[in-house]
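**Q** Okay, here's the prediction I keep looking at, along with the sequence it came from:
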Amino acid sequence: MRGLQWFNALSAGAAPVAGLPASLKVADGVLGEQAVRFIAVVPDAANRFPRARQGEVGLLEGWGLAKAVDEAIASGDQRPIIAIVDVPSQAYGRREEALGIHQALAAAADSYARARLAGHPVIGLLVGKAMSGAFLAHGYQANRLIALRDPGVMVHAMGKASAARVTLRSVEELEALAASVPPMAYDIDSYASLGLLWETLTVNQIEHPTADDLARVSDCLQQAIKDVQNSGVRDLRGRLGAVNRAASSRVRELLREQW
Amino acid sequence: MTDLLNRHSFVELGARQRAKALLDTGSYRELIDPFQRVMSPWLSRQGVVPQADDGVVIAKGTLDGLPLVIAAIEGNFQGGSLGEVGGAKIAGALELAAEDNRNGVPTRAVLLLETGGVRLQEANLGLAAIADIHAAIVDLRQYQPVIGVVAGSVGCFGGMSIAAGLCSYLLVTREARLGLNGPQVIEQEAGLEEYDSRDRPFIWSLTGGEQRFNSGLADRYVADDVAQIRQQISQLLQQGLPAAQRSRQADYYLARLAALDAAPQIEPATVRDLYQGERP
């Protein structure tokens, strides 16, 4: 429930946005002087889709995120969008595959990317899990990613059990490999070494943020927004440059030379 | 019968042959070809033999005389999975195509998608590359159509199924499968009752190319034939940008999902009826 805790803390006093699935929390609030839209995906025990009741990003969440972001774009004021990320996974289920969950998640990624291209600073704040397709739909299109430093904050492509099965390894073997191969690791420091984060922050009580925690995160969000606004850059090039992601830069250089 | 004999299978071709078959004769030029040996820096230390092109072919050329870039994924290498290098090749090519358009060069793009998604040996770098690919499709799509082709036999899964959903147009064959989660993973996460990964007819009935086309989740359903696939791509490119981008239909799909009785487990016909009723 970290996502909800941080959403509530950051958006205290803000106007909730109605007309969206109950698993989405959306509010128009302020950070400092700046009007922003906060968006979080939260557990909904009554979700009509049973495989999406624990905070997973499913069909309603994907299309709903798209709607929430599209509304912000339609406002025409380039207000910053803060995606509060605590998503354990995409929804795994028969209904989801049959009804095209890939298309629902595409809609969410589409809207976040268009918001960024339209000049909205989009900031992803990682307070819990940021897993795979769920993160691609909610957060990964952000101009800037900020992660709280905590063992419960992790980014990955697949849960350990499934990843072990697919790569024909035991969970222990997978963990041993992850310790020596940074992109395979589940911890936030290894992830930070890939250069994808703009900032990491330490807080006192990640489950129940204190006034200090809130002030620190709020300040960092405002800096990130200003950084985007001052840069004038609307693409994701700011994530390139880390030693552990050198090949991504090298490939782009070669393509440009040979284009 | 003569028709069958005259067909040339697209599905049986490798990534490089597919790209060649789609471009105007003599116009094919590969970027970062295998002789440059730009390989995954992550695989060998895990005991996996890397491949000289990392399983992705980037080809420039023309189709109907107009500039086209093709990104073709080789399904035979590591299940078409995307790692850092292969992912950066696709993202980087799409980024340059968008830049071309900003400079007045009308480069279009075709993605040949045979992929299980993120290469788990490069997990977070594959995921990051796929986010870059999503960003680049949405950018380029402002200027020119980006066409996704899922021909088979690997199909298109994971984060790259989201990329397929972002394309201006999506073309599938009967050999195609398209879905977010691979059958094994769904069975692992949700159980056999929910999804039996060994029940192939069941999986095809839900995620196969014909079902996706009949549910409005793909734009063209084509025979496995080089000439027909090429002709359909040419037509779609000439159409220009679609009147309605599928990934921008949130109101329509939310309304359709609201009309569904989600309690019973779902059947393929339910999806076709739900999504192919009144069109937006």
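**A** Yep, it's here.

**Q** Closest residue of the stretch 51-200 of chain A to chain B?
**A** In the stretch 51-200 of chain A, the residue that lies nearest chain B is residue A:106 (2.8 Å; CB to the nearest CB). (Glycine included, C-beta is placed from N, CA and C.)

**Q** ok, that residue - contacts?
**A** Remark: with contacts taken as CB atoms under 8 Å, 6 or more residues apart in numbering or on different chains, residue A:106 is in contact with A:62, B:134, B:162-166, B:246-247.

**Q** and the residue in the stretch 51-200 of chain B that chain A sits nearest to, how many neighbours does it have?
**A** Nearest to chain A, among the residues of the stretch 51-200 of chain B, is residue B:165, at 2.8 Å (CB to the nearest CB). The burial count assigned to residue B:165 is 28, neighbours taken as other CB atoms under 10 Å in any protein chain shown.

**Q** name the element it belongs to?
**A** According to DSSP states H and E, residue B:165 maps onto helix B:159-166.

**Q** How far does that helix sit from its chain's centre?
**A** Helix B:159-166 has its C-alpha centroid displaced from the chain centroid by 7 Å (CA atoms, centre = their mean, to the nearest Å).

**Q** and residue B:242, how far is that from residue A:152?
**A** Noted for residue B:242: a distance of 42 Å to residue A:152, by CB to CB, to the nearest Å.

**Q** typo on my end, residue A:4
**A** Residue A:4 is 14 Å from residue A:152, by CB to CB.

**Q** for residue B:87, same thing?
**A** Residue B:87 is 27 Å from residue A:152, by CB to CB.

**Q** same check, this time on residue A:52
**A** According to CB to CB, residue A:52 and residue A:152 sit 21 Å apart.

**Q** ok, these two, which is more surrounded?
**A** residue A:52 (28 against 13).

**Q** Can you report how many residues lie near the residue nearest to the more buried one when sequence neighbours are not counted?
**A** Computed as CB to CB, 6 or more residues apart in numbering or on different chains, the closest residue to residue A:52 that is not its neighbour in sequence is residue A:58, at 3.2 Å. Neighbour count for residue A:58, taken as other CB under 10 Å: 34.

**Q** Spatially, which residue comes closest to residue 132, not counting chain neighbours?
**A** Because you didn't say which chain, this covers chain A. Closest residue to residue A:132 apart from its sequence neighbours, by CB to CB, 6+ apart: residue A:157 at 5.1 Å.

**Q** other chain: chain B
**A** Nearest to residue B:132 is residue B:91, by CB to CB, 6+ apart, at 3.8 Å.

**Q** now residue B:113
**A** Closest residue to residue B:113 apart from its sequence neighbours, by CB to CB, 6+ apart: residue B:156 at 4.2 Å.

**Q** From residue B:114, how far out is the one you found?
**A** Residue B:156 is 7 Å from residue B:114, by CB to CB.

**Q** got it, and residue A:242?
**A** Counting by CB to CB, the gap from residue A:242 to residue B:114 is 29 Å.

**Q** hey, which strand is longest across chain A?
**A** Assignment by DSSP state E gives strand A:122-131 as the longest strand of chain A.

**Q** Straight-line length of stretch B:212-224, end to end?
**A** 16 Å (CA to CA, to the nearest Å).

**Q** again, but for stretch B:165-173
**A** End-to-end distance of stretch B:165-173: 16 Å, with CA to CA as the criterion.

**Q** Same question for stretch B:214-233.
**A** End-to-end distance for stretch B:214-233, by CA to CA: 19 Å.

**Q** Below-threshold pLDDT in the chain: ranges please.
**A** No chain specified, so I'll use chain A. For chain A, no stretch has pLDDT under 70.

**Q** Sorry, I should have been clearer: chain B.
**A** Along chain B, the model assigns pLDDT under 70 to residues B:1-5, B:277-280.

**Q** For it, which segments are assigned as helices?
**A** B:2-6, B:15-22, B:84-102, B:123-140, B:159-166, B:183-190, B:200-207, B:209-214, B:226-239, B:250-258, B:268-275 (DSSP state H).

**Q** quick one on the thing from earlier: what's the helix holding residue B:165 packed up against?
**A** In terms of contacts (3 or more CB pairs under 8 Å, 6 or more residues apart in numbering or on different chains; DSSP states H and E), helix B:159-166 is packed against helix A:101-117, helix A:132-137, helix B:123-140, strand B:146-150.

**Q** swap the cut-off to 6 Å and go again
**A** helix A:101-117, helix B:123-140 (3 or more CB pairs under 6 Å, 6 or more residues apart in numbering or on different chains; DSSP states H and E).

**Q** just checking, what packs against the last one?
**A** Right, helix B:123-140. For helix B:123-140, the elements it packs on are helix A:101-117, helix B:84-102, helix B:159-166, judged by 3+ CB pairs under 6 Å, 6+ apart.

**Q** tell me how far it is from the chain's mean position?
**A** Computed by CA atoms, centre = their mean, the chain-centroid distance of helix B:123-140 equals 13 Å.

**Q** export it as PDB, just CAs?
**A** Extracted in PDB, the C-alpha atoms of helix B:123-140 (Å, rounded to 0.1, in the frame of the first residue of the first chain):
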ATOM      1  CA  ALA B 123      16.700  -8.000 -17.800                       C
ATOM      2  CA  ASN B 124      16.700  -4.400 -16.800                       C
ATOM      3  CA  LEU B 125      18.700  -3.200 -19.800                       C
ATOM      4  CA  GLY B 126      16.200  -5.100 -22.100                       C
ATOM      5  CA  LEU B 127      13.300  -3.400 -20.300                       C
ATOM      6  CA  ALA B 128      14.900   0.000 -20.600                       C
ATOM      7  CA  ALA B 129      15.600  -0.500 -24.300                       C
ATOM      8  CA  ILE B 130      11.900  -1.500 -24.800                       C
ATOM      9  CA  ALA B 131      10.800   1.700 -23.000                       C
ATOM     10  CA  ASP B 132      13.100   3.600 -25.500                       C
ATOM     11  CA  ILE B 133      11.500   1.700 -28.400                       C
ATOM     12  CA  HIS B 134       8.000   2.700 -27.100                       C
ATOM     13  CA  ALA B 135       9.100   6.300 -26.900                       C
ATOM     14  CA  ALA B 136      10.600   6.300 -30.400                       C
ATOM     15  CA  ILE B 137       7.500   4.700 -32.000                       C
ATOM     16  CA  VAL B 138       5.200   7.400 -30.500                       C
ATOM     17  CA  ASP B 139       7.600  10.100 -31.700                       C
ATOM     18  CA  LEU B 140       8.000   8.800 -35.300                       C
END
